[in-house]
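Undergrad: My questions are about this predicted structure, shown below with the sequence.
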Amino acid sequence: MPAEPSAHIDRSPAVVKTALSGIARATLDASAVLLGFFISFQIRELIVPGTLARASVEPIAKYAEGGIFIALLTVLVFWQMGLYQRRGSVLNLWELRTALKGMLIVSALFVAAIFMYGKSEYSRMVVSGTMVLSTLLVVVFRRIAAAFVQRGQLSGRTGTRVLIYGCGGTGRMLMKKIVESPQLGCRVVGFLDDATPIGRLVACRVSQTTAQPFAAPVLGRGWQWERIVRESAANELLISCAISAERRLEILEFARERGLRVGIVPHLDDQRVDDVYVEDLSAIPVLRPGFSARESRQLYFAAKRVFDIAMASVLMVITSPVWLVAAILIALESPGPVLFAQERVGKGGRRFRLLKFRSMWSDTNPYAYSPEGDVDPRITHSGRILRTLGFDELPQLINVLKGEMSLVGPRPEMPFIVDGYTAHQRLRLEARPGITGLWQISPDRHAAIHENLEYDLYYIRHQSLALDALILLETMFFTAGLAIKAIQRLNRGSVGQKAAIDAPRAGTFLLVALDQRRRTGAIPENWARLVPAVCTGVQHLPVRVLVAPDNVADFDDLLRNTMREGNAEYELYTGQAALYALVRNATLVITDLQHVVRWSKRVGVGVFAIDEKGVHFTAGKGEAPEALPILTAMLAPALSIEPEVAARNGSESAGAYTVPVTGTAIAS
């Protein structure tokens, strides 16, 4: 633990760092503009013959005056537009949009100044080239600087120390947004949470091209907030979950006395936090639920359709050699059609056939889970190349021309996934699906689309031609970086991607639901032996442990030394309805509760039932997970069962029958 800071948290260093950060970014922007001016002038010198250039263009010494003026004007406009303040947005689109808008204003002001002060002899080629190159370099310089700042924050060397109260969906989203927005100048040092085991690491992806995720530990419980704030030397506390009014008042009083910054995420019952916005009503903040995009914007949709047709046609012509080479490679390597068609769900729930270049063997199940790495045996050699470079998506330009898709929009999903959507998730069907979009270029592309709904909701609410153009520009940067990383990965080999394939799929977990009632004050032996063994031994499935609120402290003690290596989380018992929902969504269940055994058999989930006679395994309807042999071998020593019997009976993994595992059982 870090040393305990003084009673008063000194916030002045953060203020100084904010000012220095603004000065550094202003210097970077000015340097980008000056470099753009210099390159533009040199291009003019190379294109125009020397004698003509000397006769019609002033020397660079006189041009330097204009270059310095543009640089200072850029800094002034950017400062006025808030580009030197700490502000985050979805994939930093606000920064990109504001920077582009600022450069347009700078260009207009500079052209006006040229005519006002009689500098009409300036070459139009130099002036226009400076504006274009400066805009490009400002964006590139800011992205490079953000990458360096983010690296320092993720390593713990820089950034305001932030503690998050609650590591549920909202708390994890907060951490993700902080990680994605290095210009905020923050880094997450840990969490407070009442359900997740202490020491458990909460992780999020940094980018699609970075294999190592960022992770922060659960440092303590909510009632320990004051001690954890001191020990973690946190400068800021963000409250992401509902807490009692008494505790909130305690935290705010502490913040006023000690200089701790506090932020409270607004909630409207079960409304998603990214679906709530704050409206200023005569200086009174009012929370309102998010709005959908059903309002009429016919002009935008008409312009978007014209743009889609024009751009798709141009792109098909430009990429036609790629189509020809891809078709030849696919046909030579494996029999079957060159194009792969799969049913997807589009705008308004309408189904259509999405097209791709076939990158897998023709006998592959078209509706199986998508490959999570290039070493998947279903992928052909030519398919690996196409997927690495993103060329397998090119035939979707046909879907765009047919009006089934757009260049920019939410990614379409398969019908069986959409059938399980909630009413809120179905909001993403209000926009025409796209080849690229916010989710497609986000660090969360490797997760399920509907589990990262904030990207699609943001796009649906803010649809505009400007946003579409920004996403296409970001896609260009993203694709270039992804291609470079992919080529490097191919050169090094694909060993590192094996872990991605072995990672558990979203929505699968092992539920451990043991009897929480106690006959004595001692911890039951089932808990003591079974829970730590399962949490540390099962790596193919996430583990969720049912915990009664009164028993959280005991489970913390049981798992204190194992949770960093394991992959378990707590599920607080709130009633039978919630427990039944957990059973329905589980992949496997370990339980000594007879009603949970009955539920598991009813819904077709594999269950290890513990009773006084031993352990009985009943296979579920689905395919047995890779963790099943590990579990059967693990249950033997954990519950004093004959190992050879456990291994033999545990290998029976299909069907819907019961296999008794004899041996000595331990009472709850």
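TA: Happy to help now that I have it. Residues are numbered from 1 along each chain as shown.

Undergrad: C-alpha only now, for contacts and for neighbours.
TA: Will do.

Undergrad: for Leu355, helix, strand, or coil?
TA: Assigned by DSSP: H, G, I helix; E, B strand; the rest coil, the conformation of Leu355 is strand.

Undergrad: mind listing what it touches?
TA: Leu355 makes contacts with 339-342, 393, 395-396, 398-399, as judged by C-alpha atoms under 8 Å, 6 or more residues apart in numbering.

Undergrad: Helices of the stretch 351-500 of the chain, start to end?
TA: Using DSSP state H, counting those that start in this stretch, the helices found in the stretch 351-500 of the chain span residues 381-389, 396-401, 415-418, 453-461, 465-492, 498-502.

Undergrad: Out of the ones you listed, the one nearest Arg426 is which?
TA: Closest approach to Arg426 among those (C-alpha to C-alpha): helix 415-418, 7.7 Å.

Undergrad: So for that closest one, mean pLDDT?
TA: Taken as a whole, helix 415-418 has a mean pLDDT of 85.

Undergrad: again with stretch 282-290
TA: Stretch 282-290 comes out at a mean pLDDT of 76.

Undergrad: ditto for stretch 75-93
TA: Mean predicted confidence for stretch 75-93 is 85.

Undergrad: Restrict it to CA atoms and write it as CSV.
TA: These are the backbone C-alpha positions of stretch 75-93, laid out as CSV (Å, rounded to 0.1, in the frame of the first residue of the first chain):
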residue,chain,number,x,y,z
VAL,A,75,-3.7,28.6,-30.6
LEU,A,76,-6.0,31.5,-29.8
VAL,A,77,-9.0,29.8,-31.7
PHE,A,78,-8.3,26.4,-30.1
TRP,A,79,-8.2,28.0,-26.6
GLN,A,80,-11.5,29.8,-27.2
MET,A,81,-13.0,26.5,-28.3
GLY,A,82,-11.9,24.7,-25.2
LEU,A,83,-9.3,22.4,-26.8
TYR,A,84,-6.8,23.0,-24.0
GLN,A,85,-9.2,21.9,-21.3
ARG,A,86,-9.5,18.4,-19.9
ARG,A,87,-12.5,16.8,-21.7
GLY,A,88,-13.3,13.3,-22.9
SER,A,89,-15.8,12.1,-25.5
VAL,A,90,-16.6,8.9,-27.2
LEU,A,91,-13.4,7.8,-29.0
ASN,A,92,-12.3,11.5,-28.7
LEU,A,93,-14.6,12.5,-31.5
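
Undergrad: Quick one: residues in contact with that stretch.
TA: Contacts of stretch 75-93 (C-alpha under 8 Å, 6+ apart): 18, 21-23, 25-26, 29-30, 94-95, 98-99, 102, 105-106, 177-178, 180-181, 183-185, 438, 442, 455, 458, 470.

Undergrad: Gln576: neighbour count?
TA: 11 (other C-alpha atoms under 10 Å).

Undergrad: Also the one 5 residues further on?
TA: Other residues within reach of Ala581 by the criterion other C-alpha under 10 Å amount to 11.

Undergrad: do you know how far it is from Ser600?
TA: 11 Å (C-alpha to C-alpha, to the nearest Å).

Undergrad: center of the chain - which residue?
TA: Asp444 (3.0 Å; C-alpha atoms, centre = their mean).

Undergrad: low pLDDT regions in the stretch 451-600 of the chain?
TA: 451, 482-507, 518-521, 539-540, 560-567 (pLDDT under 70).

Undergrad: And the strands in it, which stretches?
TA: 510-513, 543-547, 568-572, 588-591 (DSSP state E, counting those that start in this stretch).

Undergrad: wait, which of these is closest to Gln224?
TA: Minimum separation from Gln224 across the strands of the stretch 451-600 of the chain (C-alpha to C-alpha) falls at strand 568-572, 18.2 Å.

Undergrad: ok and that closest one relative to strand 543-547, angle-wise?
TA: 30 degrees (axes from the mean of the first three to the mean of the last three C-alpha atoms, to 10 degrees).

Undergrad: now what about strand 568-572, what contacts it?
TA: Residues from elsewhere that reach strand 568-572, judged by C-alpha under 8 Å, 6+ apart: 195-197, 200, 535, 542-549.

Undergrad: hmm, 6 Å instead?
TA: When contacts are defined by C-alpha atoms under 6 Å, 6 or more residues apart in numbering, strand 568-572 is touched by residues 195-196, 535, 542-548.

Undergrad: Throw together a ChimeraX command that grabs the buried residues out of these.
TA: Those of those that count as buried under 16 or more other C-alpha atoms under 10 Å are selected in ChimeraX with:
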select :195,196,535,542,543,544,545,546,547,548
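
Undergrad: which one of the contacts of strand 568-572 sits closest to Phe307?
TA: Once C-alpha to C-alpha is applied, the member of the contacts of strand 568-572 that ends up nearest Phe307 is Pro542, at 44.8 Å.

Undergrad: Spell out which residues make up each domain of the protein.
TA: Structural domains assigned to the chain are 12-152, 159-265, 298-494, 510-661, following automatic domain parsing.

Undergrad: Export those to JSON lines and append columns for distance to Ala283.
TA: Below are those laid out as JSON lines (distance: least, C-alpha to C-alpha, whole Å):
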{"stretch": "domain 12-152", "distance to Ala283": "21"}
{"stretch": "domain 159-265", "distance to Ala283": "18"}
{"stretch": "domain 298-494", "distance to Ala283": "24"}
{"stretch": "domain 510-661", "distance to Ala283": "39"}
